[in-house]
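Novice: Okay, structure incoming, though there's no sequence with it:
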């Protein structure tokens, strides 16, 4: 295997050339890819919004207590690691309108230690909400509970959709509708159909 890294501004691109391999080698490749994605996120590589005003808003909201995962990194991570625990920390109504496929609902207002019973604390976890504020608070709680690898999705589901990633409704069907909490927060959703109620 050959790995080359190319840096362009704040972005780091990893170029990989994999030879044919056995199932064990494929599993090792997936593990290596996950580790490289985690390293990239841990180093804080450019978690940047597609909208500079939104990026400024996010910077004012985040405490920096939970490392950020960029939407494109989450998309790659999901494809390479079926063990990833993806948690939607919004309200039940927001989750029903749409969520990221594979996300598990955890209600922000009711989250506690009991909600995390039975979860493997060694698994990587990515939390998200509308913009990342509520999910950062849940991420802090998970870290205090002993979860080792916790990330907050940069920009939340709004940035996920703004960057063109898919979402599903309560029946698991693709949708473009996103609950934006209210009209004020809805201004940060640039793509998709805004739902307030």
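Specialist: Cool, got the structure. Bear in mind that the values here come from a model prediction, so they are computed numbers and not experimental data.
Novice: and the one residue sitting closest to the centre of the chain, what are its phi and psi?
Specialist: Averaging the C-alpha coordinates of the chain gives a centre point, and the residue nearest to it by CA atoms, centre = their mean is residue 153 (3.4 Å). According to degrees, to the nearest 10, the main-chain angles of residue 153 amount to phi -70, psi 120.
Novice: correct me, but it touches residue 127?
Specialist: Yes: counting by CB atoms under 8 Å, residue 127 is a contact partner of residue 153 at 7.0 Å. C-beta: built from backbone N, CA, C; applies to glycine.
Novice: Give me the common contacts of these two.
Specialist: residue 135 (CB atoms under 8 Å, 6 or more residues apart in numbering).
Novice: re earlier: could I get the contacting residues of the residue nearest to the centre of the chain?
Specialist: Residue 153 makes contact with 68, 69, 71, 74, 126, 127, 128, 132, 135, 159, 160 under the criterion CB under 8 Å, 6+ apart.
Novice: Neighbours of the first one, how many?
Specialist: Okay, so that is residue 68. Residues near residue 68, counting by other CB atoms under 10 Å, number 23.
Novice: How much space separates it from residue 176?
Specialist: 25 Å (CB to CB, to the nearest Å).
Novice: Let me see the confidence value for residue 83.
Specialist: Predicted confidence (pLDDT) at residue 83: the value is 86.
Novice: same check, this time on residue 117
Specialist: Among the per-residue scores, residue 117 holds a pLDDT of 92.
Novice: Dihedrals phi and psi, it?
Specialist: Backbone dihedrals for residue 117, given as degrees, to the nearest 10, come out at phi -60, psi 130.
Novice: What's the local residue count around the residue nearest to residue 146 when sequence neighbours are not counted?
Specialist: Taking CB to CB, 6 or more residues apart in numbering, and ignoring the residues beside it in sequence, residue 146 has residue 121 as its nearest neighbour in space, at 4.9 Å. Look at residue 121: counted by other CB under 10 Å, it has 13 neighbours.
Novice: Give me the three-state assignment for residue 121.
Specialist: State at residue 121, reduced to three classes by DSSP: H, G, I helix; E, B strand; the rest coil: coil.
Novice: List the contacts of it.
Specialist: Residue 121 makes contact with 145, 146, 147, 148 under the criterion CB under 8 Å, 6+ apart.
Novice: Selecting buried members of these in PyMOL, what would you type?
Specialist: Once 16 or more other CB atoms under 10 Å is used to decide burial, the buried members of those can be selected in PyMOL as follows:
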select buried, resi 147
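Novice: Turn the contacts of residue 121 into TSV, including distance to residue 186, secondary structure and pLDDT.
Specialist: Formatted as TSV, these follow (distance: CB to CB, whole Å; DSSP: H, G, I helix; E, B strand; the rest coil; pLDDT from 0 to 100):
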residue	distance to residue 186	secondary structure	pLDDT
145	32	coil	96
146	36	coil	96
147	31	coil	97
148	35	coil	94
